[in-house]
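Enquirer: fold the stuff below for me.
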Amino acid sequence: MRLEIVAKEMLVALSSEMGLDISDPNFTDTPQRVAKVFRELLSGEKDTNKQVDEILKKRFPSTGYRGIIFSPNILTYSLCPHHLLPVKYTTALGYIPSDSGYVLGASKLARIVEVLSHRAVLQERLTTDIVSYLDAIQPKGVAVVISGEHFCMRARGVKQQATLETSAVTGVFKTIPEARKEFFDLLLMAENRRR
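Expert: Presented below is the predicted three-dimensional model:
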């Protein structure tokens, strides 16, 4: 309820300062819609650890597969903590299971990324948080690459269509060049298929 009140106050302020005609019928339910947007895009803020732990509980013992488990093109949206404007993330992640570790279903990887991106979080932190949480399945290594389209940069300020790219690697992806190369080759193939 408080979000709706604040959204209404913001409309009144925009009317006063910018001349926005809030008597227009299109603004009738805007405070409720704005509150719903923020609740959805920030749904990962509250009880983040609990939300991710629930997803990680649905894991399976590793059964001898020793290749890369790779999930490209996980599309999520977030809010920039500096301007509260949208950020569109495309995430690719991969991990190599260990003998004593676990594997996750494909949907669980996307769910983890979704929970962690539904926060007002810097892209750099989002990248390292995904890697850190995936350590719970005891992999030989994790690799994450995120491409971010930041509307705080696209719609205002420098008004550039550039993306921000971040990556983080652990374990064998850091210590074995062939593993890192295989991950980035998979990423390149996925990007070529998407074009």
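
Enquirer: report the secondary structure state of A168.
Expert: When classified by DSSP: H, G, I helix; E, B strand; the rest coil, A168 comes out as strand.

Enquirer: for it, what are its contacts?
Expert: The neighbourhood of A168, defined by CB atoms under 8 Å, 6 or more residues apart in numbering, consists of 127-128, 130-131, 142-144. For every residue, glycine as well, the C-beta is placed using N, CA and C.

Enquirer: most surrounded residue in the residues you listed?
Expert: A143 (29 neighbours; other CB atoms under 10 Å).

Enquirer: hang on, the earlier thing: tell me the two of the contacts of A168 that are most distant?
Expert: Across these, the longest distance by CB to CB is 12.2 Å; it joins T128 and A143.

Enquirer: out of the contacts of A168, which is nearest to I176?
Expert: I176 has its nearest neighbour among those in A143, at 11.4 Å by CB to CB.

Enquirer: what bridges to the closest one?
Expert: G94, V169 (DSSP bridges).

Enquirer: so it makes contact with L93?
Expert: Yes: with contact defined as CB atoms under 8 Å, A143 reaches L93; the gap is 6.7 Å.

Enquirer: tell me the pLDDT at the residue lying farthest from the centre of the chain?
Expert: Using CA atoms, centre = their mean, the residue of the chain lying farthest from its centre is S23. It sits 36.5 Å away. pLDDT recorded at S23 is 95.
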